[in-house]
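Engineer: Just a sequence and a predicted model for now, questions to come.
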Amino acid sequence: MLSPPKVQALQDVLSLSEVAAIINTTRQLRYQVYYLTTYSLGLRLSETLNLTIADIDRHLMQVHLRYTKNKKDRFVPLPQATLLALRHYWKTHRHPSLLFPGGSHHIFDKTKRWSWTKAVYKKPLNLSLTPVA
């Protein structure tokens with residue numbers, strides 16, 4: 001016997017003020033820059049975590065994404081505000097290769113998801129929000 005297909009509700013689309021509210025509820029600079037980078041570039045969480053210093057091209061104002069979900073490289077435009085935020089954040093840790101280091105490798109995905117959930121529920125947005133892994 002066949003069961004009916006599962007219906008998945010679409011995620012809510014955030015306005016700029018809602019994204020700003022989520023970013024501003026986080027207290028640590030690394031999370032603020034992480035969320036700004038993820039949203040302004042339209043990346044998945046794992047794509048943002050895997051960014052390296054070499055992936056940022058400040059002259060052409062673009063970011064090279066490697067090893068994406070479809071296993072294809074791609075380029076995305078880099079907004080000036082995101083570049084300035086990344087520069088400011090990088091000065092706090094000066095890791096030789098990773099943009100978002102933490103521990104022995106990089107900031108772990110579970111930590112990001114937990115802080116995202118905490119930030120979303122601090123603000124009464126009443127939205128169905130989950131980051132894309």
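Structural biologist: Looks like it arrived, so ask away.
Engineer: C-alpha only now, for contacts and for neighbours.
Structural biologist: Will do.
Engineer: Sketch out the helices for the chain, chain order is fine.
Structural biologist: For the chain, applying DSSP state H gives helices covering 16-25, 29-41, 45-49, 80-93, 109-122.
Engineer: of all these, which lies closest to Val7?
Structural biologist: helix 109-122 (23.2 Å; C-alpha to C-alpha).
Engineer: Can you pull out the low-pLDDT segments for this protein?
Structural biologist: 11-12, 102-133 (pLDDT under 70).
Engineer: Closest to the centroid, which residue in it?
Structural biologist: Nearest residue to the geometric centre of the chain (C-alpha atoms, centre = their mean): Thr38, 2.5 Å.
Engineer: check contacts around it.
Structural biologist: The contact partners of Thr38, taken as C-alpha atoms under 8 Å, 6 or more residues apart in numbering, are 44-45, 48.
Engineer: Same list, those residues, but as CSV with distance to Leu65 and neighbour count please.
Structural biologist: Shown next, in CSV, are the contacts of Thr38 (distance: C-alpha to C-alpha, whole Å; neighbours: other C-alpha atoms under 10 Å):
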residue, distance to Leu65, neighbour count
Arg44, 11, 15
Leu45, 12, 19
Thr48, 9, 20
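Engineer: Need the residues you listed in a markdown table (columns: distance to Lys72).
Structural biologist: Formatted as a markdown table, these follow (distance: C-alpha to C-alpha, whole Å):
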| residue | distance to Lys72 |
| --- | --- |
| Arg44 | 14 |
| Leu45 | 16 |
| Thr48 | 15 |
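Engineer: before we move on, the earlier item: which stretch among the helices of the chain approaches Arg66 most closely?
Structural biologist: Of those, nearest to Arg66 by C-alpha to C-alpha is helix 45-49, at 7.9 Å.
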